[in-house]
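Student: Need a 3D model of the sequence below.
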Amino acid sequence: VSIEDRPILTHCQVLGQDLMPRMARIGAIANIQPTFLVTDAAWLHKRLDASVLPYCYAWKSLLDAGVACAGGSDSPIETVNPFKGMYDVIYRNSGHLNTEPCFLPDEAYTFQQALELYTLGGAFAGRSETRRGRITAGFDADFTVVGDAVDKHPELLCTVKPAQVWVNGVERLAGRLK
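Tutor: Sure, this is the predicted structure:
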């Protein structure tokens, strides 16, 4: 397996300390599903050895190790909503709608990292980073418009609805902006 192969490791929920540098070395992509953390956090301490916990849902550590990450949902197991995935990777089960403690708060993403997880990361994992994943001239015009300032208030990600969805420059969902 080489970097050109772009192998993908899906879930990346429970990792070993040695796995992150190995993933970076061979160019493996971590295809993570942030919403799993919310549903799994209740049982992690009960079912896993304490020595393993620092390497569970360690998505910021993956980035720090140089591993490319892409966001997913594993639908229909979890919601397909990418806004909810972004919310979950930022708040890690500690958002304003949840009173549970945050699991490994140092592993939380910033808003920008969460956005890139679902845009640039997804495009790279799909081998389409030369035409998707960003809004720039010459790229497919695939984007979503929301009426809320989720970049300034990421807590809104768990309730935001798309106002418009554009695919290849064609409006596919027309809503109303607030």
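Student: Which residue comes closest to Pro7 once chain neighbours are left out?
Tutor: Take Pro7 and drop its neighbours on the chain: the residue closest to it by Cβ to Cβ, 6 or more residues apart in numbering is Ala28, 4.8 Å away. C-beta here means a position set from N, CA and C on the backbone, and glycine is covered the same way.
Student: State the distance from that neighbour to Glu78.
Tutor: Per Cβ to Cβ, to the nearest Å, Ala28 is found 22 Å from Glu78.
Student: So between those two, which is more surrounded?
Tutor: Between Ala28 and Glu78, counting by other Cβ atoms under 10 Å, Ala28 is the more crowded of the two (22 against 18).
Student: Settle this for me: the more buried one is touching Asp5, isn't it.
Tutor: No: with contact defined as Cβ atoms under 8 Å, Ala28 does not count as touching Asp5 (9.0 Å).
Student: show me the contacts for Leu37.
Tutor: Residues counted as contacts of Leu37 (Cβ atoms under 8 Å, 6 or more residues apart in numbering) are Tyr57, Asp88, Val89, Arg92, Asn93, Phe103.
Student: Greatest separation within those: which pair is it?
Tutor: Greatest spatial distance among the contacts of Leu37 (Cβ to Cβ): Val89 and Phe103, at 11.8 Å.
Student: Please identify which of these two sits among more neighbours.
Tutor: The neighbour comparison of Val89 against Phe103 (other Cβ under 10 Å) goes to Val89, with 28 against 20.
Student: immediately after the helix or strand hosting that one, which helix or strand?
Tutor: Assessed by DSSP states H and E, Val89 sits inside helix 82-91. Beyond helix 82-91 on the C-terminal side, the first helix or strand identified by DSSP H and E is helix 111-118.
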